[in-house]
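>>> here is the input, now give the coordinates:
(one chain, ligands or ions: 1)
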Amino acid sequence: MHIKRSFRTIILTLTLCLITTFGLSQSKEIKIEFLGNCGLYLTDGKTNIYTDFPYKSGAHGYMEFDQSELENIKENSIFIFTHKHSDHYSDKNIKKVINEKGGKKYGSWNIEKLKNLEKIIPDFSIQVFKTKHKWSSKHYSYLITWHNKKIYLSGDTESAKTIGTIKNIDWAFVPYWIFLDAKENEIKIDTKMFGLYHLATVQIPSAKKNYDDIENIKPMVVQGEKITIKL
Ligand SMILES: [Zn+2]
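Got it, this is the predicted structure:
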């Protein structure tokens, strides 16, 4: 009788251990999905963040996306925008999404409120940088620190000056012209990995040719492809 009960206790304990381990291991990563242009979907399994998405599909000759991508957006998500050019932001699309699914959007219009996210999202902080971009007086780049991983979102800014001041970035998402500016001005970018985003369809073949073999540069060419950051 006594032995039988102990055995059951052991089985129960083991099961609980497995469930706990499985549960933890599932949340031990940040997943980033490329949606097009500078559009990314980031999740740690609990919080859902979209950056520069939804934009206007096909705007300025950049990437199109299927209507189903709007339907796939998670409920009560956080939307962060670098600026309001239509290849980064669509008023119509974001209104529709927030009306249907809730969530909150952040950008130049409420930039001071972004800090509030640090109280809502566990193990998360965000640094805001006012950065220069032609034809937009209100452009921001962001450094997200989430579960101790640093993710930099450059957006459309032409200058590598700001990113050059940041130490120990894990993933820096930049357009190719940031490489050119960094080279020209001898700016060193301290990141483990580059996600090369905002490629126009016509630039994809040359981007693949130039960057595919470089170990720490990932050209973002296929919409829907995912990056996993192990925590
Ligand atoms: Zn722009």
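>>> can you give me the end-to-end span of stretch 190-202?
With CA to CA, to the nearest Å applied, stretch 190-202 spans 29 Å between its terminal residues.
>>> how about that stretch and the ion, any contact?
No - Stretch 190-202 stays clear of the ion (CB under 5 Å from the ion), getting no nearer than 9.1 Å. C-beta: built from backbone N, CA, C; applies to glycine.
>>> which positions in that stretch come out as buried?
Buried residues in stretch 190-202, counting neighbours by 16 or more other CB atoms under 10 Å, are found at 191, 193-199.
>>> just the closest of these to His88, please.
Taking CB to CB as the measure, His198 is the one of the buried residues of stretch 190-202 closest to His88, at 8.8 Å.
>>> and the closest one, what does it touch?
Shown in contact with His198 (CB atoms under 8 Å, 6 or more residues apart in numbering): 37-38, 62, 87, 156, 175.
>>> spell out the secondary structure type for it.
Here His198 is recorded as coil under DSSP: H, G, I helix; E, B strand; the rest coil.
>>> local confidence estimate at it?
Note on His198: pLDDT of 97.
>>> same check, this time on Asn210
89.
>>> repeat for Gly23
52.
>>> ok, now Glu100?
Per-residue pLDDT puts Glu100 at 97.
>>> what does Asp213 give?
86.
>>> which residues are in contact with it?
Here Asp213 is in contact with no residue (CB under 8 Å, 6+ apart).
>>> same question for the one 4 residues further on.
The neighbours of Ile217, taking CB under 8 Å, 6+ apart as the test, are 193-194, 196, 211.
>>> could you redo the last one with a cut-off of 7 Å?
Each residue near Ile217 by CB atoms under 7 Å, 6 or more residues apart in numbering is listed here: 194, 196, 211.
>>> how about a markdown table for the contacts of His198, with secondary structure and neighbour count added?
As requested, those are arranged in a markdown table below (DSSP: H, G, I helix; E, B strand; the rest coil; neighbours: other CB atoms under 10 Å):
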| residue | secondary structure | neighbour count |
| --- | --- | --- |
| Asn37 | coil | 28 |
| Cys38 | coil | 29 |
| Tyr62 | coil | 21 |
| Asp87 | coil | 23 |
| Asp156 | coil | 23 |
| Pro175 | coil | 20 |
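>>> I'd like these as CSV, with distance to Lys115 and pLDDT appended.
Below are the contacts of His198 laid out as CSV (distance: CB to CB, whole Å; pLDDT from 0 to 100):
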residue, distance to Lys115, pLDDT
Asn37, 26, 98
Cys38, 22, 98
Tyr62, 30, 95
Asp87, 27, 97
Asp156, 23, 97
Pro175, 26, 97
